[in-house]
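Asker: Pasting a predicted model and its sequence here:
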Amino acid sequence: MKVTRLPDVEPRPRRVAVGTFDGVHLGHREVIRDADTVLTFDPHPTTVVHPAAVPKLITTIDRKAELVGSLGAQEMVVIPFDADFAGRSAQSFIDDVLVRSLGATHVSVGENFRFGHRAQGDPAMLGADDRFETRVVQLLEADGEIVSSSHIRGLLLGGALEYANSLLVDPFVMQGVVVHGDKRGRELGYPTANVVPDDQYVLPGHAVYACVAETPTGRHLAAVNVGVRPMFETGRGELIEAYLLDFDGDLYDTTLTLTFHHRLRGERRFDGVDALIEQMGRDVEETRRLLAEQV
Ligand SMILES: Cc1cc2nc3c(=O)[nH]c(=O)nc-3n(C[C@H](O)[C@H](O)[C@H](O)COP(=O)(O)O)c2cc1C
Ligand SMILES: Nc1ncnc2c1ncn2[C@@H]1O[C@H](COP(=O)(O)OP(=O)(O)O)[C@@H](O)[C@H]1O
């Protein structure tokens, strides 16, 4: 799928879905359904309009593009969101962006979508414009809650990974570069590729997870600890540590992509290192049992 920055986009008759779409969750997918073009913002608009309230993001812009592409859209158009763009009127968003730059014939948005200076534009304003057809999608509910990016962030943090995944449809993914640790992993018999979390993104709650890891050389199952390792005084803060099954090699400075499928248990302190090693063995077996068909 093609990713274009707004200034480079070419007008043609388009079915455009508009939104920030962090997570590309079940509700977003209803808005994106039938669109050939997804119009989104980067960075997240709150970084400009309300920096104190910037949420931790679920997806990187690259992951968003991957997911949007998998839904059948042909092009993702990214608006480089800045103070200048935030100051434009709602009418200018319609005239200059949707009609002139994109050539929209159909526009689809969620019912809570707002746009233009001071969020003065709303779906009714889009609907009143007869240069394109507007589809307004009602907020989706699941189990009596509105499906939203912030609800899913809370579920990931609170340990409800599988439930969060069911709302995301495609499981939660995080990515980072492997750094050096304390060289303790290999002594325990379980070397772990360590990734320092990027604080712009959501980190799932402290726990052990069954994941699939992608490295530059292949895919492996991985038992992953997210947290602070209460067994040891590390002074390193939060880390993501992945023990890759059936792998032996050097991962330092490479990019590791982890897909989080199941939460196995909370991160704990054990009576001794032997008990921790035994538990890590059980975590590995459980990962293999749950995810055998994934690699
Ligand atoms: C599957 C798995 C489970 C783990 N569980 C715990 C745990 O419950 N408590 C804990 O303190 N550390 C846990 N760890 C982290 C280990 O203590 C950590 O991998 C070890 O300290 C290695 O550190 P290093 O990577 O800096 O060498 C776990 C690691 C893995 C891979
Ligand atoms: N099966 C494996 N899973 C994860 N990392 C591995 C594995 N086998 C070898 N490695 C390598 O070992 C490193 C981790 O070893 P470890 O002793 O935990 O040291 P540190 O945590 O200090 O980096 C990884 O970064 C990777 O380069």
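Answerer: Structure received. Numbers count the residues shown, from 1 in each chain. Ligands and ions are numbered 1, 2, ... in the order given.
Asker: right, is whichever strand in the chain runs longest up against ligand 1?
Answerer: Counting by DSSP state E, the longest strand found in the chain is strand 255-266. No - using Cβ under 6 Å from any ligand atom, strand 255-266 stays clear of ligand 1, with a minimum separation of 7.5 Å. Using the backbone N, CA and C atoms, a C-beta is placed for each residue, glycine as well.
Asker: tell me which residues in that strand are buried?
Answerer: Residues 256-264 are the ones in strand 255-266 that count as buried (16 or more other Cβ atoms under 10 Å).
Asker: can those go into CSV with extra columns for distance to Val195?
Answerer: Below are the buried residues of strand 255-266 laid out as CSV (distance: Cβ to Cβ, whole Å):
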residue, distance to Val195
Leu256, 6
Thr257, 10
Leu258, 8
Thr259, 14
Phe260, 13
His261, 17
His262, 19
Arg263, 18
Leu264, 18
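Asker: Include distance to Val38 and pLDDT when you put those into TSV, please.
Answerer: Output for these, formatted as TSV (distance: Cβ to Cβ, whole Å; pLDDT from 0 to 100):
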residue	distance to Val38	pLDDT
Leu256	27	98
Thr257	22	98
Leu258	25	98
Thr259	22	98
Phe260	24	98
His261	26	98
His262	30	98
Arg263	30	98
Leu264	35	98
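Asker: out of the residues you listed, which one sits closest to Ala164?
Answerer: Comparing those against Ala164 with Cβ to Cβ picks out Phe260 as the nearest, at 8.9 Å.
Asker: got the contact list for the closest one?
Answerer: Applying Cβ atoms under 8 Å, 6 or more residues apart in numbering to Phe260 gives the contacts 161, 165, 171-174, 204, 209, 211, 224.
Asker: Please name the nearest non-neighbouring residue to whatever residue of the stretch 101-250 of the chain ends up closest to ligand 1.
Answerer: In the stretch 101-250 of the chain, no residue comes nearer to ligand 1 than Gly181, which is 2.7 Å away by Cβ to the nearest ligand atom. Among residues not flanking Gly181 along the chain, Asn194 sits closest, at 4.3 Å (Cβ to Cβ, 6 or more residues apart in numbering).
Asker: from what I can see the one you found touches Lys183, true?
Answerer: No - using Cβ atoms under 8 Å as the test, Asn194 is too far from Lys183 to be in contact (10.6 Å).
Asker: Pick out whichever of those two has more residues nearby.
Answerer: Neighbour count, other Cβ atoms under 10 Å: between Asn194 and Lys183, Asn194 has more, with 22 against 8.
Asker: three-state assignment of that one?
Answerer: Here Asn194 is strand, with the state taken from DSSP: H, G, I helix; E, B strand; the rest coil.
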